[in-house]
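*Asks:* Sequence and predicted structure, then a few things I'm wondering about:
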Amino acid sequence: MTADWITTIGTAAGSAWLSGINLYATVVTLGVLQRLHLVKLPGGLDILGEWWVIGLAATLYLIEFVADKIPAVDSAWDAVHTFIRVPAGAILAATAFADFDPAVKMAAMILGGGIALSSHGTKAATRLAANTSPEPVSNVALSLTEDVVTFGSTILMVFYPIVMLIIVVIFLIVVIWLAPKIIRALRRLMESRVSRHNVQR
């Protein structure tokens, strides 16, 4: 029973965290692993193994793969996906607890949404800073790194959920510590851009 709890918590937290980074890559990886019977996902997450879910997620992943290599498009894409990745992270977390009491599922949904928001916010802030650079290398490098991290971490999560849970906890601690610094840096960045724009006018 303890092992089931650990697997479910690790998968729920990991899925929510990864959805904030790259939702579609996470869903594709989980879906393919489930479809090939390489893993048995907890709760109701086995629905991700349906071909139509895998196909839809793969299509959207390919669109995102191209979109996030273009700075202006990437920033807009991240802004729109605030309303997609965060709810999706909450849903994935709650779905992992589908076999548990409704109160547990509700708690998982709330926590999952918070975890997804933290990873999405960190990703979006980092990419926004990179997108202001005139050279394309940093943006492309970040995009490819995110893909590798998402695919690799999703595989790690399903086989070693406790490790994934530890990673998520460490990430949240670091984010709480860094959040004020990131906000100040973004504020200075925006003020700098406004000042340059006013000078040019």
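*Replies:* Good, I have the coordinates.
*Asks:* Could you list which residues are in contact with residue 171?
*Replies:* 17, 118-119 (C-beta atoms under 8 Å, 6 or more residues apart in numbering). C-betas here are computed from N, CA, C, even on glycine.
*Asks:* which of these tops the neighbour count?
*Replies:* residue 17 (28 neighbours; other C-beta atoms under 10 Å).
*Asks:* What residue, apart from its backbone neighbours, is nearest residue 128 spatially?
*Replies:* Closest residue to residue 128 apart from its sequence neighbours, by C-beta to C-beta, 6 or more residues apart in numbering: residue 75 at 5.9 Å.
*Asks:* Report the buried residues of stretch 49-65.
*Replies:* 49, 53-54, 57-58, 60-61, 64 (16 or more other C-beta atoms under 10 Å).
*Asks:* related to what we said a few turns ago, now the residue nearest to residue 128: how far from residue 123?
*Replies:* The gap separating residue 75 from residue 123 is 12 Å, by C-beta to C-beta, to the nearest Å.
*Asks:* for residue 165, same thing?
*Replies:* 20 Å.
*Asks:* ok, now residue 16?
*Replies:* For residue 16 relative to residue 123 (C-beta to C-beta), the value is 13 Å.
*Asks:* any idea how far residue 8 is from residue 26?
*Replies:* Taken as C-beta to C-beta, the span from residue 8 to residue 26 is 17 Å.
*Asks:* For those two, indicate the residue with more neighbours.
*Replies:* Neighbour totals were compared for residue 8 and residue 26, and residue 26 leads with 29 against 23 (other C-beta under 10 Å).
*Asks:* ok, for that one, nearest residue in space, not its chain neighbours?
*Replies:* residue 18 (4.3 Å).
*Asks:* Verify the stated contact: the one you found with residue 158.
*Replies:* No. Using C-beta atoms under 8 Å, residue 18 makes no contact with residue 158, being 11.1 Å away.
*Asks:* more crowded one of the two?
*Replies:* Neighbour count, other C-beta under 10 Å: between residue 18 and residue 158, residue 18 has more, with 29 against 23.
*Asks:* For the strand or helix carrying the more buried one, what does the pLDDT average out to?
*Replies:* Assigned by DSSP states H and E, residue 18 falls within helix 2-35. Across helix 2-35, the average pLDDT comes to 93.
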